[in-house]
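Undergrad: This is the structure alone, sequence omitted:
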């Protein structure tokens, strides 16, 4: 068994929409820019959550990292204390909600957006 102390996970989305992604996460979720070049942007939230976006087809990356994310199969779930207030806040900022605020039978209240790269963002409140 391998023990990894202080391991952090941060996803990197390969996309042509770097600036749009930066605007999305800084405007709607208050991420701050940690590092930025013309081909990579790394962001951190005050909670410690980190995200990054990277251009496709970079000569400084292996070829298996050249393709852009195709928009299916990934959901980032952000757990929040009050999904309804987050829903109202984001609607007020002009965010496009793709799944309306819903109470699910399994004990969650949530709604969803889609980031500029096509990643689904699920804001979830645990009700029970």
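TA: That came through, no problem. From a predicted model like this one, the values you see are computed outputs, not experimental measurements. Numbers count the residues shown, from 1 in each chain.

Undergrad: And for the host helix or strand of residue 52, what's in contact with it?
TA: Using DSSP states H and E, residue 52 falls within strand 50-54. Contacts of strand 50-54 with the rest of the structure, by CB atoms under 8 Å, 6 or more residues apart in numbering, involve 8, 10-15, 17-18, 21-22, 25, 31, 34, 39-44, 61, 65, 76, 117. Placement of C-beta: from N, CA and C, glycine included.

Undergrad: name the helices or strands packed onto the following helix or strand past that strand?
TA: The element immediately downstream of strand 50-54 (helix or strand, assigned by DSSP H and E) is strand 75-79. Other elements packing on strand 75-79 under the criterion 3 or more CB pairs under 8 Å, 6 or more residues apart in numbering; DSSP states H and E are strand 120-126.

Undergrad: Can you list the strands that the strand it packs on pairs with?
TA: According to DSSP bridges, strand 120-126 forms sheet pairs with strand 75-79 (parallel), strand 108-114 (antiparallel).

Undergrad: Give me the nearest residue to residue 18, chain neighbours excluded.
TA: residue 53 (5.1 Å; CB to CB, 6 or more residues apart in numbering).

Undergrad: follow-up on the earlier one: by how many degrees do the strand holding residue 52 and strand 75-79 diverge?
TA: 150 degrees (axes from the mean of the first three to the mean of the last three CA atoms, to 10 degrees).

Undergrad: tell me, how many neighbours does residue 17 end up with?
TA: Residues contacting residue 17 under the criterion other CB atoms under 10 Å number 18.

Undergrad: That one: what's it in contact with?
TA: Residue 17 makes contact with 53, 116-117 under the criterion CB under 8 Å, 6+ apart.
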